[in-house]
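**Q** quick one, structure for this:
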Amino acid sequence: MKGIAAAFFMVIGLAASLGGCSSGGTAHYIDTAELEAARTEVHQAQTAITSCLYEAGRAQLDSAVRAWDGGPDQVTCTVGAQTYDAGDYLHVASFKATYDVDLNGVITRGRNVSRLGVRWDPDARQWAPL
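**A** I've put the predicted structure just below:
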């Protein structure tokens, strides 16, 4: 009986130590994935804006935009009666952040809405780890 109890406690101890080791590694991978997802999102946003300007044949948007969430009718470029919308060039319904866009179509600031472990780096104009 003592052997069975000793084996049981050894298995429990091993499981507890493995669980402790893996939780730190898992958190690292989640943080890395969250950062890469945030960087992908800002890249998609900038690509949509650039595509909008290109299609319109213009160098500037109709106006600077504060807190663009990826929705329609916010980041636009109008040529005559035709309005080009950066939201039309996205393949997502909305972002997990909002972005300030200047008149030239450059994303100047990101505001985190629902991402964990990231912050906006104003010098790089990119998401960075906390």
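**Q** what about the spatially most central residue of the chain, distance to residue 61?
**A** Residue closest to the mean C-alpha point of the chain, counted by CA atoms, centre = their mean, is residue 38 at 2.0 Å. Noted for residue 38: a distance of 23 Å to residue 61, by CB to CB, to the nearest Å. The way it works is simple: take the backbone N, C-alpha and C, and place the C-beta from them, glycine included.
**Q** repeat for residue 106
**A** 10 Å.
**Q** again, but for residue 99
**A** From residue 99 to residue 61 the distance is 13 Å (CB to CB).
**Q** then residue 84?
**A** Per CB to CB, residue 84 is found 9 Å from residue 61.
**Q** residue 77 too?
**A** For residue 77 relative to residue 61 (CB to CB), the value is 5 Å.
**Q** report the set of residues contacting both of the two.
**A** By CB atoms under 8 Å, 6 or more residues apart in numbering, residue 77 and residue 61 have these common neighbours: 52-53.
**Q** got the phi and psi for the nearest residue to residue 98 once chain neighbours are set aside?
**A** Leaving aside its chain neighbours, residue 98 sits nearest to residue 67 (4.0 Å; criterion: CB to CB, 6 or more residues apart in numbering). Here is the backbone geometry of residue 67 (degrees, to the nearest 10): phi 70, psi 50.
**Q** overlap in contacts of residue 84 and residue 61?
**A** Residues within reach of residue 84 and of residue 61 at once, by CB under 8 Å, 6+ apart, are 52-53, 76-77.
**Q** a markdown table for those residues, including pLDDT and neighbour count?
**A** Shown next, in a markdown table, are those (pLDDT from 0 to 100; neighbours: other CB atoms under 10 Å):
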| residue | pLDDT | neighbour count |
| --- | --- | --- |
| 52 | 97 | 22 |
| 53 | 98 | 19 |
| 76 | 98 | 18 |
| 77 | 97 | 23 |
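**Q** nice, that's everything, thank you.
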